[in-house]
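**Student:** Fold the following.
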Amino acid sequence: MKNPFRHPVFKKIWLKLKGSNFDSLGLQIVLGLIVIAMLTVSLETRSAFSADYEEVKAEVDAGKKHEFDLPSVAPSILQPVGTLLALVGFIISLRLRKKRSFLRRSRITQLALWFVAIGVLAAWLPSDYIANAAKLDVAMIGEKPSAAAYWGKLFFVTVLIVSIPLASTFFYNASIMDRYTVTSFLTPFTFCLVGFIAIWLIFDLVDNGPDFGANDVGLTTIVRFYFVQLPQVVLFVLPVTILLSLLYSLSKMSQANELISMLGAGRSVMRVLRPLFFFGLYASLICLVFNYQWAPRSEGYKEAMLDSINSGEFKEQQKEAEKNKGKKGKKRKTADSWAKLGWLYVNETDHRTWFVGRVPYDLVYNNMNSIVIWQFDKDRRLLASHRATSAKWFFGNGIWKLNNGKTYLYGEDGVPIIQSWDALEIPGWRETPWKVLSNSLNPEFLGIPGLTTYLQTNADYESARLAPFRTNWWYRWAEPLSCIVMVLVSAPLGIVYSRRGVLGGVAASIAIFAAMYFMRGTLIALGQSGFLPAFVAAWGTNLFFAIIGGLLLFYRSRNRELPKLRNLFRKKPSYA
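**Tutor:** Residues are numbered from 1 along each chain as shown. So this is what the prediction gives:
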């Protein structure tokens, strides 16, 4: 039988791989994955737009909605355009070869990255704004939306996307020594980052794999489950990855006398480490973008998804999705998860108590399910109770609409009069979905926009009640800067001038890293309890260890041995 791998197509692929170096091949793989992801999203958006448009159009014809409720066609047009630009960038990257000159390869790389960056921006930026513009103008669930927080998200994500081709430009225009320092660091950094993510993935699969199998969770849902968690995982492992990579690369350069050679060429320690400081700032920017909204929401999504799977909700939603599959006017949806199962809210002013069985993630487009509302008088005597399958609040007129339920009216004798209805509209209630459910929000699962909205809407709450949200708001800004703090601490410990080993620096770095996590957790807990100001609790750890790193760097830049604890308590000899 003829070997299929001797086919001319496979020979061309082999020659292509053989003619590419590791960096070029890695870039081509990453850009190819980006193009595939963008193509998948654009196809899903087009399909969802067709279904949404037909459904809303039918309601417009029936007089139930206005024409301005029709979904915008812009995302379904701009996303394919952005995908096409990214595809052009990927095709340009295929021209990278080993034999090309350094200048030629740098120009090809920068051009490919610029095309992909512009394509991603064209596909994402307008679509995201169109999806969220209505929420910024109107308090659709009774909250006070923060437009500044939303524009901040757009700004930071845009800066991150544009910074990728800019970083490649700075790298290729840097000096040979700077490029060598960065390359020596990036190699162990890449292996450590991929290794930590792989270890996390394996352990999580071992932990949650039996639940996935028992509930017939599909491969697409599992991939989405782990893909959504990537920002949180990267945010967690990036500081320790920087620590280990810096220790390895700098200690290796020290043992090979490469740092001594650089210093002998007239460069100072600060000048040698300057590319690594820039990388620490860039890593902080990446963590800031992730921590702004994606990482906290991914943690909440994980908890809600696991609760949905273990409680049996996932199977019911999958059956409903299969039942609606192929029906006209019914959109095919994958199984979703609930933000919370079971929530009690007491309105002491109007003597009403709410119980919400299922709280959706998106209150704007989804209803609260399994509702029970008790109405009392001022003497706490039960007057009426409403039980409904779902409830929806209309922000225009402030009317609550309860669907498929019953009302129990209680007289003096306590015997209820039962009234059944398909829909019940109740005007004049002060409760809004945000007021009912905002206390169920966990500050650990909220990003900057969610925390800002909560603090603005509930500004009349007492300080102790808002302390966890204020502390987490400041912590969202402070946590990403731990990357640059880690560079300040680990860089001087990784540089060794003498013949002694680097074990002391490694041990000191690990001890400092453990102390940072312990101190950070303690201060955050004190801040959330109200014993410390929110700013001090969030920023105290970074400021303290940044000062320590600055002192260590001062000693190392002056070619002095780092201070040791045993020398601090040793008595100086007296020559009197």
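
**Student:** Contact partners for residue 457?
**Tutor:** 142-144, 434, 438 (CB atoms under 8 Å, 6 or more residues apart in numbering). (Glycine included, C-beta is placed from N, CA and C.)

**Student:** quick one: it from residue 488, how far?
**Tutor:** Between residue 457 and residue 488 the computed distance is 38 Å (CB to CB, to the nearest Å).

**Student:** same deal with residue 506?
**Tutor:** 17 Å.

**Student:** quick one: which of those two has more around it?
**Tutor:** Using other CB atoms under 10 Å as the criterion, residue 506 and residue 488 rank with residue 488 on top: 21 against 18.

**Student:** Could you identify the helix or strand that succeeds the helix or strand hosting that one?
**Tutor:** Per DSSP states H and E: residue 488 is located in helix 482-494. Later in the chain than helix 482-494, the nearest helix or strand by DSSP H and E is helix 503-529.

**Student:** That next one to helix 482-494, inter-axis angle?
**Tutor:** Interaxial angle of helix 503-529 relative to helix 482-494 (axes from the mean of the first three to the mean of the last three CA atoms, to 10 degrees): 150 degrees.

**Student:** quick one: average pLDDT of helix 503-529?
**Tutor:** When pLDDT is averaged over helix 503-529, the result is 84.

**Student:** what does stretch 32-52 give?
**Tutor:** Taken as a whole, stretch 32-52 has a mean pLDDT of 83.

**Student:** Could I have the CA atoms of it written out in CSV?
**Tutor:** Provided in CSV are the C-alpha atoms of stretch 32-52 (Å, rounded to 0.1, in the frame of the first residue of the first chain):
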residue,chain,number,x,y,z
GLY,A,32,-4.7,30.8,12.5
LEU,A,33,-6.6,30.1,15.7
ILE,A,34,-7.7,33.7,16.0
VAL,A,35,-9.0,33.6,12.4
ILE,A,36,-10.9,30.3,13.1
ALA,A,37,-12.4,31.8,16.3
MET,A,38,-13.5,35.0,14.5
LEU,A,39,-15.0,33.0,11.7
THR,A,40,-17.0,30.8,14.1
VAL,A,41,-18.3,33.9,16.0
SER,A,42,-19.3,35.7,12.8
LEU,A,43,-21.2,32.6,11.6
GLU,A,44,-23.0,32.3,14.9
THR,A,45,-23.8,36.0,14.9
ARG,A,46,-25.2,35.8,11.4
SER,A,47,-27.4,32.8,12.4
ALA,A,48,-28.5,34.5,15.6
PHE,A,49,-29.3,37.7,13.8
SER,A,50,-31.5,35.9,11.3
ALA,A,51,-33.5,34.2,14.1
ASP,A,52,-33.8,37.3,16.2
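
**Student:** Name the residues that touch that stretch?
**Tutor:** 71, 73, 75-76, 79-80, 82-83, 86-87, 90, 116, 119-120, 123, 127, 331-332.

**Student:** Inside helices: which ones of the residues you listed?
**Tutor:** Among those, the members found in helices (DSSP state H) are 75-76, 79-80, 82-83, 86-87, 90, 116, 119-120, 123, 127.

**Student:** Now which of these would you call buried?
**Tutor:** By neighbour count, with 16 or more other CB atoms under 10 Å, the ones in helices among the contacts of stretch 32-52 hold 75-76, 79-80, 82-83, 86-87, 90, 116, 119-120, 123, 127 as buried.

**Student:** wait, residue 119 sits on residue 89?
**Tutor:** Yes. In terms of CB atoms under 8 Å, residue 119 counts as a neighbour of residue 89; the distance is 6.6 Å.

**Student:** can you give me the strands in the protein?
**Tutor:** Residue ranges of the strands in the chain, as given by DSSP state E, are 340-347, 352-359, 368-376, 382-394, 399-410, 416-426.

**Student:** in the longest one, what's buried?
**Tutor:** Okay, so that is strand 382-394. Neighbour count says strand 382-394 has 384-388, 390-393 buried, by 16+ other CB under 10 Å.

**Student:** in its sheet, what does it sit against?
**Tutor:** Strand 382-394 has its sheet partners listed here by DSSP bridges as strand 368-376 (antiparallel), strand 399-410 (antiparallel).

**Student:** Counting neighbours, which bits of the last one end up buried?
**Tutor:** By neighbour count, and taking 16+ other CB under 10 Å as the criterion, the buried residues in strand 399-410 are 400, 402-403, 405, 407-408.

**Student:** Ok, the first one next?
**Tutor:** Buried residues in strand 368-376, counted by 16+ other CB under 10 Å: 368-371, 373-376.

**Student:** Please enumerate residues in contact with stretch 244-262?
**Tutor:** So stretch 244-262 is contacted by 177, 181, 184-185, 187-189, 192, 272, 276, 486-487, 490-491, 493-497, 502, 505-506, 509 (CB under 8 Å, 6+ apart).

**Student:** Filter those residues down to the buried ones and hand me the PyMOL line.
**Tutor:** Filtering these down to the buried ones (16+ other CB under 10 Å) takes a single PyMOL command:
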select buried, resi 177+181+184+185+188+189+192+272+276+486+487+490+491+493+494+495+496+502+505+506+509
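
**Student:** Spit out the contact partners of residue 192.
**Tutor:** 241, 244-245.

**Student:** Could you rerun that using 10 Å?
**Tutor:** Contacts for residue 192 (CB atoms under 10 Å, 6 or more residues apart in numbering) come out as 237-238, 240-245, 248.
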